[in-house]
Every structure is written in structure tokens, then in C-alpha cells.
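# Pasted the sequence and its predicted model underneath.
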Amino acid sequence: MSRVLLCAALALTVSALSAADDDKAAKKETIKGKIMKVGPSAHLIVVSSEVNKKPKNRQLTLLNDTKFTFYTSAGKKEVTWRKAAYKVKALKEGAAVTAVTDGKGQATEVRVGTPSKDN
């Protein structure tokens, strides 16, 4: 009987530790930089940002439900579908971008351009 309880306690401890590791890895991250590449066929963007004063390129996967916000001189435009976002001309190489990731390299939100004081 004591072996069964010991095994059950060990199993609970291992599962609790693995769940804690999953929570740590899934922290959201905000990346600010410039778009280096847009890959519609692979559903990704490459963002160049500075980390400790050194340039770093990050490849981010775009999900079907990634939220896009485009800031242009004409105003603010929001798109909630990646295929529609590819059609917006502001999503191009060299554009300023802020991307929010799920901690696993997948972009949950992408903001292209710089918001004006009016937006």
C-alpha cells in the first residue's frame, strides 16, 4: 500500500513540474524592430531587432488569427486574418514593426508602422 502511495506522489510531482515548465516557456514577448523579410507562402516574417546592442534576426510564424494593426498617414487599419494582411502594402521589408509572441516563436499580434498621436 505504501508503494502505491509513493508512486502516486511521485507521479503528481513530476506532472506538476512539467506543467510549471510549460508555463515559464509560454511567456509573451514583445519584439520591436524592422521587417527584414515577409514570407507569405511559409506564413512568417523575419524581424531584426537589437538585443544587448547587437542586431538579432527573429523568425516569427504568423497564425491564422494573428491580429494585425497598420499605422499609416491615412490612419489606423486593423486586420484579423493573415491572408488579408499580406494584401496590405504596409507589410513590407524595412517597415517598423512591433510583434507580440506567445513565447514559442508564433506572433499573436503584429503592429506595423508608428502610431501617430491621433491613433
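Here it is on my side, so go on. Just so you know, these numbers come straight off a predicted model, no measurement behind them.
# in the sheet, who's paired with K77?
Assessed by DSSP bridges, K77 has beta-bridge partners F70.
# and what of I31?
Listed by DSSP bridges, the beta-bridge partners for I31 are A99.
# for this protein, what are the low-confidence residue spans?
Counting by pLDDT under 70, the low-confidence segments of the chain come to 1-26, 118-119.
# I figured V46 hits K56, correct?
No: using Cβ atoms under 8 Å, V46 makes no contact with K56, being 10.7 Å away. Every residue, glycine included, has its C-beta placed from N, CA and C.
# Compare neighbour counts for these two and give me the winner.
Each of V46 and K56 had its neighbours counted (other Cβ atoms under 10 Å), and the higher figure belongs to V46 (16 against 12).
# Next one: the more buried one relative to R58, how far apart?
Distance of V46 to R58, computed by Cβ to Cβ, to the nearest Å: 7 Å.
# Let me see the contact set for T69.
Residues near T69 by Cβ atoms under 8 Å, 6 or more residues apart in numbering: K76, K77, E78, V79, E109, V110, R111, V112.
# can we see that at 7 Å?
With contact taken as Cβ atoms under 7 Å, 6 or more residues apart in numbering, T69 is in contact with K76, E78, R111.
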